[in-house]
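> Kindly generate the corresponding structure for this input.
(2 chains)
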Amino acid sequence: MSERITHAAKQAVGLLIFIAPMLLAVIGLVGLFEAFVTPQMLKSLFTGSVLHDTLIGTAAGGVSVGQPFLSYIIGGELLDDGVSPYAVAAFVLSFVTLGVVQLPFEAQLFGLRFTLVRNLLALAAAILISAATVATVELLT
Amino acid sequence: MLALVAAGYVLAFFFDESTARDAVGKSLHTLTIVAPIIVIVLLLTALMGTFVDPKAFTKHLGEGSGAKGWAIALAAGIISHGSSYVWYPLLADLRMHGTRSGLIVAFLYARAVKIPWLPLMASYFGLAFTVVLTLYIVVGAYVQGRIAQALLPGD
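Numbering: from 1, shown residues only, chains lettered A, B, ... in the order given. Here you go, the predicted structure:
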């Protein structure tokens, strides 16, 4: 039993050494984005056109990083500024489902094909689900 | 990529030292949050690889696992904590042991449901929005998993 536990510990260390460089790179990028990409910058991207803003919202959410609650705060402010709820929903959803920052890490572990398929599906879903959500809520209320 | 990020920080310090320092602080803060989770995830990965029979992965999460596999993937995604990239090593290991790619995709998308943050979302966007979005995310996770499985059958 102790041999198996030792083996497991060695595997964990080996895996940590393997992923450490990429993991540190992702964390470093997170810091850069959080410091240099401000909510004001994100707000300035929206123009008032529903289609344009929905696409911008998806893209902005996809490149943004941080805790999920940040997307709710920014999303709330965008709504208060008159940005379309479709765009805000797309931003909030893509904030938590898309992540440009971690793409290289994902590709390293899962392969390029898996990474492309998963992220393209998530991109399409961010637009479709946000549109469906807003439309459904408007229908219900 | 680490070298590129390091170069990015060097440039950042050159052009805007105070914001670059802020970025370093935020990165260190993220590291303190992520580090315990990654240790647990790596240990789980290693323990699973050592103590769990690979056939169990195939039975519950591989080809033929059916609705049970999808339910496990969706539920696990919803209750999982932390950033997605922290879970990548474990998921990659599961995939290597026979877990279907579609289930991995479903897990990762279902993570968009952040149970602890739902009340905050409701306070900003309303209860109806929160409930509807959550339901659509779960359905969307399943649909994406199915599509991914069709597109990645041999993976």
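
> and residue A:21, how many neighbours?
15 (other CB atoms under 10 Å in any protein chain shown). (C-beta placed from N, C-alpha, C; glycine too.)

> Surely it touches residue B:5?
No. Residue A:21 is not in contact with residue B:5 according to CB atoms under 8 Å; the separation is 9.7 Å.

> In chain B, which helix is the longest?
Scanning chain B for the longest helix, with DSSP state H as the assignment, gives helix B:17-51.

> Show me what it is packed against.
helix A:2-36, helix B:2-15, helix B:84-96 (3 or more CB pairs under 8 Å, 6 or more residues apart in numbering or on different chains; DSSP states H and E).

> change it to 10 Å
When contacts are defined as 3 or more CB pairs under 10 Å, 6 or more residues apart in numbering or on different chains; DSSP states H and E, helix B:17-51 sits against helix A:2-36, helix B:2-15, helix B:54-61, helix B:84-96.

> isn't residue B:38 right next to residue B:81, touching?
No. If you go by CB atoms under 10 Å, residue B:38 and residue B:81 don't touch, sitting 11.9 Å apart.

> what do those two both touch?
Common contacts of residue B:38 and residue B:81 (CB atoms under 10 Å, 6 or more residues apart in numbering or on different chains): residue B:87.

> Now for residue 16: which residues touch it?
You didn't say which chain, so I picked chain A. A:23, B:38, B:39, B:42, B:43, B:46, B:89.

> that answer is for a different chain, and I need it for chain B
Neighbours of residue B:16 in contact, by CB under 10 Å, 6+ apart: A:35, A:36, B:22, B:23.

> Report the two of those residues separated the most.
Spatial extent of those (CB to CB) is set by the pair A:36 and B:22 at 8.7 Å.

> Could you pull out the residues contacting both of these two?
By CB under 10 Å, 6+ apart, the residues touching both residue A:36 and residue B:22 are B:12, B:16.

> lowest-pLDDT helix or strand in the chain?
Answering for chain A, as no chain was given. helix A:39-43 (a mean of 77; mean pLDDT, DSSP states H and E).

> other chain: chain B
Result, chain B / mean pLDDT, DSSP H and E: helix B:54-61, a mean of 67.

> Next, the angle from the helix or strand that that one is followed by to helix B:84-96.
Of the helices and strands lying after helix B:54-61 in sequence (DSSP states H and E), the nearest is helix B:66-79. Interaxial angle of helix B:66-79 relative to helix B:84-96 (axes from the mean of the first three to the mean of the last three CA atoms, to 10 degrees): 160 degrees.

> Now do the buried residues in stretch B:94-108.
In terms of neighbour count (16 or more other CB atoms under 10 Å in any protein chain shown), stretch B:94-108 has its buried residues at B:94-95, B:97-108.

> tell me the average confidence for it?
Mean pLDDT, computed over stretch B:94-108, is 90.

> quick one: low-confidence ranges for the chain?
With no chain named, the answer covers chain A. Counting by pLDDT under 70, chain A shows no low-confidence range.

> hm, I was asking about chain B
In chain B (pLDDT under 70), the answer is B:53-59, B:63, B:154-155.

> Can you name the residue of it nearest chain A?
residue B:27 (2.9 Å; CB to the nearest CB).

> and the spatially closest residue to that residue that is not a sequence neighbour, how many neighbours does it have?
Leaving aside its chain neighbours, residue B:27 sits nearest to residue A:31 (2.9 Å; criterion: CB to CB, 6 or more residues apart in numbering or on different chains). By other CB under 10 Å, the residues close to residue A:31 number 24.

> wouldn't residue A:31 be in contact with residue B:34 here?
No. Using CB under 10 Å as the test, residue A:31 is too far from residue B:34 to be in contact (11.7 Å).

> From chain B, how far out is residue A:79?
Noted for residue A:79: a distance of 8 Å to chain B, by CB to the nearest CB, to the nearest Å.

> Over to residue A:100?
Residue A:100 is 12 Å from chain B, by CB to the nearest CB.

> what sits against that residue?
A:29, A:33, A:59, A:62, A:63, A:64, A:65, A:119.

> now swap in residue A:99 and tell me
Residue A:99 neighbours (CB under 10 Å, 6+ apart): A:26, A:29-30, A:61-65, A:105-106, A:119, A:122, B:83-85, B:108.

> Just give the number of residues close to residue A:59.
Neighbours of residue A:59 (other CB under 10 Å): 18.

> swap in residue B:44?
16.

> list the contacts for the residue nearest to it when sequence neighbours are not counted?
Counting by CB to CB, 6+ apart, residue B:44 lies nearest to residue B:90, which is 6.1 Å off, once chain neighbours are set aside. By CB under 10 Å, 6+ apart, residue B:90 lies in contact with A:15, A:109, B:38, B:40-46, B:48-49, B:80.
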